[in-house]
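[1] sequence plus the predicted model coming up.
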Amino acid sequence: MTHYGAKELAASFRTVRRNTIQTAHDIPEDKYGFSPAADSRTVAQTLVHIAFGPGIQMHIHANGIDDLAKVPFMELVQGIRAEEAKSRTKSEIISLLESEGQKVASYLEGLSDTFLSQSVSMPPGSDPATKSRLEMLLSPKEHEMHHRGQLMVVQRMLGITPHLTRQMMERMAQAPQRTS
């Protein structure tokens, strides 16, 4: 079986963040205020949310917390919301995605297998009752991919073909035509 550890975790996070940064580049700055529906984040707010989203997991693991009952979730979420509310240019948001992404990836690649295998207690009534740190540290990548999927729908609403779709279309166009 292939080993999946800190280096692989960091590399996959970097890939996801690189794709998010490309999405941020592809959306025109004058569309950063676009919101696809009432009570939903704008493009800018979503990108800032993505940039700071891993902060909750970073807080848990960098502080060695082994029981989620000890995590000040509301305080952490309020901090992220305050960052989302700040006015930033497209360039500032992209720089933020780059710098925050590098912080997370650097942290991840320095973790030991022993640390990644440690169990963290979930809130009472959760199933499962514990998760490994590795499983928990996969969630920032999953969270980012969820929001990038939202941004890809926004791109379509704005008449933009997402870069991953463009790349796939280019590969398909270059593939030899098969005849039956």
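    Thanks, I have it. Residues are numbered from 1 along each chain as shown.

[2] contacts only, for the residue most central in space within the chain.
    Centroid check for the chain by CA atoms, centre = their mean gives E144 as the closest residue, at 2.4 Å. Applying CB atoms under 8 Å, 6 or more residues apart in numbering, we find E144 in contact with 16-17, 20, 50, 53-54. Where C-beta positions appear, they are placed from N, C-alpha and C, glycine not excepted.

[3] would you list every one of the strands in the protein?
    Counting by DSSP state E, residue ranges of the strands within the chain are 119-121, 130-132.

[4] make a markdown table out of the ones you listed and add mean neighbour count.
    Output for the strands of the chain, formatted as a markdown table (neighbours: other CB atoms under 10 Å):
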| stretch | mean neighbour count |
| --- | --- |
| strand 119-121 | 16 |
| strand 130-132 | 16 |
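
[5] okay, now the unreliable bits of this protein?
    1-2, 177-180 (pLDDT under 70).

[6] same thing but 80
    Residue ranges of the chain with pLDDT under 80: 1-2, 176-180.

[7] longest helix of it, counting residues only.
    Longest helix in the chain by number of residues (criterion: DSSP state H): helix 133-157.

[8] buried residues in that helix?
    The neighbour-count check on helix 133-157 (16 or more other CB atoms under 10 Å) flags 133-134, 136-138, 140-141, 143-144, 147-148, 151-152, 154-155 as buried.

[9] same question, stretch 85-99
    Buried positions in stretch 85-99, judged by neighbour count with 16+ other CB under 10 Å: 88, 90, 93-94, 96-97.

[10] distance check, E100 against G55.
    Separation of E100 from G55 (CB to CB, to the nearest Å) stands at 8 Å.

[11] again but with L134, I slipped
    Plainly put, L134 is 19 Å away from G55 if you go by CB to CB.

[12] I21 too?
    Taken as CB to CB, the span from I21 to G55 is 18 Å.

[13] tell me the phi and psi of the closest residue to A44 other than its chain neighbours?
    Nearest residue to A44 in three dimensions, chain neighbours excluded: Y32, at 4.1 Å (CB to CB, 6 or more residues apart in numbering). For Y32, the backbone dihedrals (degrees, to the nearest 10) come out as phi -70, psi -20.

[14] now do the same contact list for the closest residue to T165 other than its chain neighbours.
    Closest residue to T165 apart from its sequence neighbours, by CB to CB, 6+ apart: M152 at 7.8 Å. For M152, the contact set (CB under 8 Å, 6+ apart) comprises 23, 162, 164-165.
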